[in-house]
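A.B. asks: Here you go, sequence then predicted model.
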Amino acid sequence: METFTTKTFELGELKGLSPKTIEEHLKLYKGYVTNSNLVLNKIKEYETDMVTNQYILSELHRRFAFEFGGMRNHEYYFSCLSGGAKLLPVGSKLKKEIEKGGMTFENWIENFKALAMTRGVGWAMLYYDKETGNLLTQWVDEQHIGHLVGAPPIIALDMWEHSYYLDYIPAEKKKYVEAFFANLNWEVIENNFEIAIKN
């Protein structure tokens, strides 16, 4: 049974990110969708006898967290690049929230870029914590370790080498981070924030 479906994204020509990189990256995203369905179906199959299949189910649940995280992270990532590069809307609530603590928007961007340079594979994320009303930046290992529970993502930056290796060698990943920011559709990101604060 297909519970999850592959989404499409309006990705035109991107500065610093080749069509081949995007093509291969989208194939990888589709694989996460396929595997999320596959693992979920296996869980349902083995749940008919929870006691006998306890070990298998435990490992399937571990795997599902990885596949599901990979699927959703990539959906946030590609949506932030969809529709072409666009500036923050005038009167942006997100910008006001970022600057509320005394940091300029420009300084926040530099801090986020520095977070993206964390060693290892994973994601640089911006979340909104509804309990406190705070924006939180976080590094997520792999696809799922370190996600902030209950806090919807606003920005997701993929820092696995598959997201840039065709365009940049690993030692040049900072150039990839710059390319990501050059292509951001801040209207989509603003909308992510608007949805987060309303729900």
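C.D. replies: Arrived safely, thanks for sending.
A.B. asks: Skip the chain neighbours and tell me the closest residue to Phe193.
C.D. replies: Distances taken as CB to CB, 6 or more residues apart in numbering put Leu94 closest to Phe193, at 4.3 Å, once the chain neighbours are dropped. All C-beta spots, glycine's among them, are computed from the backbone N, C-alpha and C.
A.B. asks: packing partners for the one helix or strand Leu38 maps to?
C.D. replies: Taking DSSP states H and E as the criterion, Leu38 maps to helix 19-46. When contacts are defined as 3 or more CB pairs under 8 Å, 6 or more residues apart in numbering; DSSP states H and E, helix 19-46 packs onto helix 54-80.
A.B. asks: the inter-axis angle of the helix it packs on versus helix 19-46?
C.D. replies: Angle of helix 54-80 versus helix 19-46, following axes from the mean of the first three to the mean of the last three CA atoms, to 10 degrees, is 150 degrees.
A.B. asks: if we can go back for a sec, look up which helix or strand the residue nearest to Phe193 falls in, please.
C.D. replies: In the assignment (DSSP H and E), Leu94 maps to helix 93-99.
A.B. asks: What is the burial count for Asn52?
C.D. replies: Actually, residue 52 is Thr. It isn't Asn. Look at Thr52: counted by other CB atoms under 10 Å, it has 10 neighbours.
A.B. asks: what does Lys30 give?
C.D. replies: Neighbourhood size, Lys30 [other CB under 10 Å]: 14.
A.B. asks: and what of Val51?
C.D. replies: Around Val51 there are 6 residues (other CB under 10 Å).
A.B. asks: Name the residues of the helix holding Leu94 that come out as buried.
C.D. replies: If you call a residue buried by 16 or more other CB atoms under 10 Å, then helix 93-99 has these buried ones: 94-95, 97-98.
A.B. asks: which two from those end up farthest apart in space?
C.D. replies: Across these, the longest distance by CB to CB is 7.3 Å; it joins Lys95 and Glu97.
A.B. asks: about what we covered before: just to check, the residue nearest to Phe193 is in contact with Glu190?
C.D. replies: Yes: between Leu94 and Glu190 there is a contact under CB atoms under 8 Å: 5.4 Å.
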